[in-house]
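**Student:** my questions concern the predicted model and sequence given below.
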Amino acid sequence: MALHDLTSYFNPDDLAQLDGKKFPRKRYLFQDLLQDEGKHFAGIIGPRGTGKTVLLKQLRNETKNSIYISLDTLQDDLFELIHILSRDFKIHTFFLDEIHAVPDLHGLLKKIFDFLNVRIIFTSSVALAMHASSYDLSRRVLLYYLDNFSLAEYVYFKYDKELPPLTLNQIIEGENLSPYMHLSAYFNEYLQGANLPFALQEPGYLSLLKAVLDKIIQYDIPMVQTLRTDELPVIRDFVTFIGRSGIDGINYSTLAHNLNITKYKARQYLELLEKAFVVKQVFPGGTNVMKEPKVLLTLPYRLLFKDYHDAVGPLREDFFVSAMNTAGYDLMYLKSTRGSKTPDYMLKEDKSYIFEIGGPGKGRSRFKGIHADRKIIFSHSTQLDKNTRPLFLLGFLTGHS
């Protein structure tokens with residue numbers, strides 16, 4: 001198959017290198033990718049707008065015998081292009097941006113992996129497409145998730161302040177936390193949308209976030225799931241209902257009832273939105289309870305539907321679950337058989353820890369009758385006493401293996 005003028009790929013590569021140099025600071029994921037030298041390919045997926053393209057260009061600048069190719073305007077057969085560039089120009093590493101734009105993506109990656117001795121690092125804004133057959137690609141592709149800024153990354157990028165990560169045990173035991181306490185001043189602005197990397201340059205970042213959500217619903221979800229056209233507005237109403245509600249009581253049943261859909265559809269929509277990084281589901285622990293999830297939103301989607309003052313309570317829980325999940329902690333929520341109030345969350349793997357999330361002055365009333373070795377209140381404050389820890393410290397939480 002004849003290809004277009006191959007030199008047309010080198011000028012965009014030169015521009016990509018120049019663009020990558022405009023951003024001296026690097027996301028924490030950069031070092032992990034730079035040091036990943038296995039035979040497998042590496043895929044960078046995550047929410048739209050997290051800086052995946054910038055990260056790819058930064059990696060290009062650090063890698064010899066490589067090239068950056070944006071695939072959203074590709075006119076050639078990608079397999080043949082990589083074959084010829086590797087054979088005739090001795091290019092070994094290919095940085096492929098927006099790989100979901102390529103037809104038969106998964107078959108193509110298998111073919112390149114099996115027949116060409118090259119390294120592929122790619123990005124995809126349509127993480128759903130990668131989730132859809134990640135099992136098939138498990139031997140060939142290792143997926144990396146680039147999330148929005150952690151609080152630690154935000155204060156590093158915005159204020160050039162950097163401190164070592166914290167372990168959950170350090171936070172719970174209150175070990176050497178004093179150097180972090182002044183950083184609580186940035187927590188409110190972080191919850192108000194500063195966790196979005198594009199908010200550093202865009203004052204109207206919530207308008208951009210709305211456009212991101214629209215694109216997920218109109219483009220990403222239909223790409224991987226066959227739906228009727230009239231279902232897409234329902235999914236939009238679905239997200240709106242979650243955003244305008246509190247967290248307690250939002251589950252399959254309430255969503256189905258209020259939106260006049262089946263519980264099956266409520267579950268399907270939640271699964272799709274979770275894979276698109278719009279919602280998070282936490283399932284209950286205990287016995288004799290219906291296995292319906294507590295539904296949260298990814299920060300800061302809730303601000304599209306409520307102002308900060310009205311949304312701050314749920315935003316705290318959105319933050320807590322996100323920080324814990326990103327660090328590798330699986331959570332379940334506590335629910336009594338009669339639906340009475342209990343502490344918010346427990347670690348799945350270690351049920352000796354239970355957590356309550358709240359504002360300043362949060363009390364211990366929900367711990368009554370709950371048996372656990374440690375009962376911790378994560379408070380939206382700088383309070384640090386026997387059972388209370390500042391919630392913002394979880395923004396510095398290190399990965400848990």
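**Tutor:** All right, it came through fine. Fair warning: this is a prediction, and the values are worked out from it, not measured in the lab. Numbers count the residues shown, from 1 in each chain.
**Student:** immediately after the least confident helix or strand in the chain by mean pLDDT, which helix or strand?
**Tutor:** None of the helices or strands of the chain scores lower by mean pLDDT, DSSP states H and E than helix 127-132, at a mean of 63. Later in the chain than helix 127-132, the nearest helix or strand by DSSP states H and E is strand 141-145.
**Student:** other SSEs contacting that next one?
**Tutor:** The contact analysis (3 or more CB pairs under 8 Å, 6 or more residues apart in numbering; DSSP states H and E) places strand 141-145 against helix 29-35, strand 41-45. Bear in mind the C-beta positions are built from the backbone N, C-alpha and C, glycine included.
**Student:** and those: which comes nearest Leu163?
**Tutor:** Leu163 sits nearest to helix 29-35 of all the helices and strands packed on strand 141-145, at 16.9 Å, using CB to CB.
**Student:** run the angle between the longest helix anywhere in the chain and strand 141-145 for me.
**Tutor:** The single longest helix within the chain, with elements called by DSSP state H, is helix 308-326. Helix 308-326 and strand 141-145 are oriented at 150 degrees to each other (axes from the mean of the first three to the mean of the last three CA atoms, to 10 degrees).
**Student:** correct me, but Leu255 touches Thr262?
**Tutor:** No - the pair Leu255 / Thr262 is not scored as a contact, 10.3 Å apart, by CB atoms under 8 Å.
**Student:** so between those two, which is more surrounded?
**Tutor:** Counted by other CB atoms under 10 Å, Leu255 and Thr262 do not tie: Leu255 has more neighbours, with 22 against 11.
**Student:** list the contacts for that one?
**Tutor:** Phe238, Phe241, Ile242, Ile261, Ala266, Tyr269, Leu270, Val295 (CB atoms under 8 Å, 6 or more residues apart in numbering).
**Student:** so how far is Arg267 from it?
**Tutor:** 9 Å (CB to CB, to the nearest Å).
**Student:** then Gly328?
**Tutor:** 25 Å.
**Student:** what two of the contacts of Leu255 have the greatest distance between them?
**Tutor:** Farthest-apart pair in those is Ile261 and Val295; separation 14.4 Å (CB to CB).
**Student:** okay, the two: which has more neighbours?
**Tutor:** Val295 (22 against 19).
**Student:** that one: which element?
**Tutor:** Per DSSP H and E: Val295 is located in strand 294-297.
**Student:** ok so, going back, which one of the helices and strands packed on strand 141-145 lies nearest to Met324?
**Tutor:** Judged by CB to CB, the one of those that comes nearest to Met324 is helix 29-35, at 18.4 Å.
**Student:** not counting the closest one itself, show me its contacts.
**Tutor:** So helix 29-35 is in contact with Ala42, Ile44, Leu55, Gln58, Leu59, Glu62, Ile121, Tyr144, Leu146, going by CB under 8 Å, 6+ apart.
**Student:** looking at those residues, which is nearest Asp350?
**Tutor:** Among the contacts of helix 29-35, Tyr144 lies closest to Asp350 (CB to CB), at 26.3 Å.
**Student:** how far away is that closest one from Gln58?
**Tutor:** 14 Å.
**Student:** please say which of the two ends up with more neighbours.
**Tutor:** Of the pair Tyr144 and Gln58, Gln58 is the one with more neighbours under other CB under 10 Å, namely 26 against 17.
**Student:** ok, that one - contacts?
**Tutor:** Gly20, Phe23, Lys26, Phe30.
**Student:** show the buried residues in the residues you listed.
**Tutor:** Gly20, Lys26, Phe30 (16 or more other CB atoms under 10 Å).
**Student:** where does the chain have low pLDDT?
**Tutor:** Residues of the chain meeting the criterion pLDDT under 70: 1-2, 127-136, 138, 286-290, 335-343, 361-373, 400-401.
**Student:** now the most centrally placed residue in it, what's its secondary structure?
**Tutor:** Centroid-nearest residue in the chain, with CA atoms, centre = their mean: Asp147, separated by 3.7 Å. Using DSSP: H, G, I helix; E, B strand; the rest coil, the structure places Asp147 in coil.
**Student:** please apply the same query to Phe79.
**Tutor:** State at Phe79, reduced to three classes by three-state DSSP: helix.
**Student:** which segments of the protein make up each domain?
**Tutor:** As assigned by automatic domain parsing, the chain contains the domains 6-145, 151-396.
**Student:** ends of the longest one, how far apart?
**Tutor:** Just to be clear, that refers to domain 151-396. Terminal residues of domain 151-396 are spaced 7 Å apart (CA to CA, to the nearest Å).
**Student:** one more: the shortest one?
**Tutor:** Start and end residues of domain 6-145 are separated by 32 Å (CA to CA).
**Student:** what are the ranges of the helices in the stretch 201-350 of the chain?
**Tutor:** Counting by DSSP state H, counting those that start in this stretch, the stretch 201-350 of the chain has helices at residues 205-215, 221-224, 231-244, 252-259, 263-275, 308-326.
**Student:** nearest to Val126 among those helices would be which one?
**Tutor:** Minimum separation from Val126 across these (CB to CB) falls at helix 221-224, 5.9 Å.
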